[in-house]
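Visitor: The following block contains a protein sequence and its predicted model.
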Amino acid sequence: MSEGERVSQLIELCPVSESDHRAVTEMAASIWPIAYGDILSSEQLDYMITWMYSPGTMLRDVANGVEYVWMQRGGHRLGFLAFGPVRSGVECPLHKFYVLSGAQGQGVGSAAMQTLFTRLNDRGATGVWLRVNRENARAIRFYEKNGFLVRAEDCKDIGNGYVMDDYIMARSFVS
Ligand SMILES: CC(C)(COP(=O)(O)OP(=O)(O)OC[C@H]1O[C@@H](n2cnc3c(N)ncnc32)[C@H](O)[C@@H]1OP(=O)(O)O)[C@@H](O)C(=O)NCCC(=O)NCCS
């Protein structure tokens, strides 16, 4: 068995309960400054975390069909992701994908991604699409390694004078 196969067998995807939304926010707040410290100002980081991870935003996400999921190994949380709504016959949006800083580069993200692909394929999605900051070279490399291709560029106004300067990347399940 390869190292990748071994890790993938050990990573579980477990639903995040509403009572754990705060734990997701705390995990994001620990990962973001390290991941985006060279890309975004600390003011924009604070603005985006408050905007994207407030209790109200997360509840609204869930009401709109977004599913928050922990990446776990042996019961320990190593990261989280959020995707959906999942609809048969269309590509599923992947909104969030984060591995704890100390657990990055060990195959956790790739294992979680492969399990996610299988689950979405089983539910009839035709693929996955996401937004990634154009300067986030490591994440772009990670997505490419997992079969995503850049489909478009999009600079989105997010208010308060800030923009998200992103690539849209997609991975199709249909050949
Ligand atoms: C991007 C991310 C989800 C990848 O998950 P991961 O578990 O670290 O990735 P894996 O170990 O499965 O794959 C590693 C590959 O991803 C890339 N990579 C991305 N971030 C990396 C990191 N911090 N350390 C090492 N490799 C990283 C490399 O290309 C590496 O390929 P290699 O092993 O051939 O060198 C994770 O590093 C992360 O959460 N980064 C910070 C937050 C972020 O940018 N999230 C994406 C938001 S759009």
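Guide: Everything's here; your move. Here the structure is a predicted model, which means the values were calculated and not measured.
Visitor: Of all residues in this structure, which one is closest to the ligand?
Guide: Using CB to the nearest ligand atom, the closest approach of the chain to the ligand is made by residue 109 at 2.3 Å. C-beta here means a position set from N, CA and C on the backbone, and glycine is covered the same way.
Visitor: Can you tell me how far residue 171 is from residue 129?
Guide: Residue 171 sits 8 Å away from residue 129, taking CB to CB, to the nearest Å as the criterion.
Visitor: The closest residue in space to residue 131 that isn't next to it in sequence: which element?
Guide: Spatial nearest neighbour of residue 131, excluding adjacent residues (CB to CB, 6 or more residues apart in numbering): residue 166 at 4.2 Å. Element membership for residue 166 (DSSP states H and E) is strand 162-172.
Visitor: Parallel or antiparallel, which strands does that strand pair with?
Guide: Here strand 162-172 has these sheet partners by DSSP bridges: strand 127-133 (antiparallel), strand 149-159 (antiparallel).
Visitor: can those go into a markdown table with extra columns for distance to residue 98 and mean neighbour count?
Guide: A markdown table is the format used below for these (distance: least, CB to CB, whole Å; neighbours: other CB atoms under 10 Å):
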| stretch | distance to residue 98 | mean neighbour count |
| --- | --- | --- |
| strand 127-133 | 12 | 19 |
| strand 149-159 | 18 | 11 |
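Visitor: on that earlier part again, can you name the residues bridging to the residue nearest to residue 131?
Guide: residue 133, residue 154.
Visitor: List the residues that contact it.
Guide: Contacts here follow CB atoms under 8 Å, 6 or more residues apart in numbering; on that basis residue 166 touches 131-134, 153-156.
Visitor: Tabulate the residues you listed in JSON lines, adding columns for distance to residue 49.
Guide: Listed next are those as JSON lines, based on distance: CB to CB, whole Å:
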{"residue": "131", "distance to residue 49": "16"}
{"residue": "132", "distance to residue 49": "17"}
{"residue": "133", "distance to residue 49": "14"}
{"residue": "134", "distance to residue 49": "20"}
{"residue": "153", "distance to residue 49": "24"}
{"residue": "154", "distance to residue 49": "21"}
{"residue": "155", "distance to residue 49": "20"}
{"residue": "156", "distance to residue 49": "17"}
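Visitor: So which of those reach the ligand?
Guide: Among these, the residues within reach of the ligand (CB under 6 Å from any ligand atom) are residue 132.
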